[in-house]
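K.L.:
Pasted the sequence and its predicted model underneath.
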Amino acid sequence: VQVVESGGGLVQTGGSLRLSCAASGMPSSIDVMYWYRQTPGKQRELVAAITSGGSTTYADSVKGRFTISRDNVKSTMYLQMNSLKHEDTAVYYCHVELYYYGKDYWGKGTLVTVSS
């Protein structure tokens, strides 16, 4: 089982980045996929989530700027981040839940740095 994030990097305020999360080796289909983020000294916070049916939810701080999507065939999730702010700087983590097996998995994260 692997969950691997990619797409992080350094971007200027107002810029855009697209994160990807690729899940492989899963014993069943993935029910819910999440993006979380964390900065030093703070708790990990939910950024966005998407169900297998395409229902989405967003943190208030990213609504209107971030868009979550997924490709169920490829078991891949994306996070399009636009109008980035300095406070979006964080390590972004992918989290997946498999209800049938009662399991969940985390990636190791990808760093997003927004320079002001």
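P.N.:
It's in.

K.L.:
Excluding sequence neighbours, find me the nearest residue to residue 108.
P.N.:
Excluding the flanking residues, the one nearest residue 108 by C-beta to C-beta, 6 or more residues apart in numbering is residue 5, at 7.2 Å. All C-beta atoms are positioned from the backbone trio N, CA, C, and that covers glycine.

K.L.:
The one you found sits in which helix or strand?
P.N.:
strand 2-6 (DSSP states H and E).

K.L.:
can you tell me the average pLDDT over the helix or strand following that strand?
P.N.:
Next in sequence after strand 2-6, counting helices and strands by DSSP H and E, comes strand 9-12. For strand 9-12, the mean pLDDT works out to 98.

K.L.:
Contacts for strand 9-12 next, please.
P.N.:
Residues outside strand 9-12 that contact it (C-beta atoms under 8 Å, 6 or more residues apart in numbering): 17, 84, 111-115.

K.L.:
show me the contacts for residue 4.
P.N.:
21-24, 94, 107-108.

K.L.:
Report the two of those residues separated the most.
P.N.:
Across the contacts of residue 4, the longest distance by C-beta to C-beta is 14.1 Å; it joins 24 and 108.

K.L.:
just the strands in this protein please.
P.N.:
2-6, 9-12, 17-24, 32-38, 45-51, 56-58, 66-71, 76-81, 90-98, 103-106, 110-115 (DSSP state E).

K.L.:
buried stuff in the fourth one?
P.N.:
The one in question is strand 32-38. 32-37 (16 or more other C-beta atoms under 10 Å).

K.L.:
helices or strands up against that strand?
P.N.:
strand 17-24, strand 45-51, strand 76-81, strand 90-98 (3 or more C-beta pairs under 8 Å, 6 or more residues apart in numbering; DSSP states H and E).
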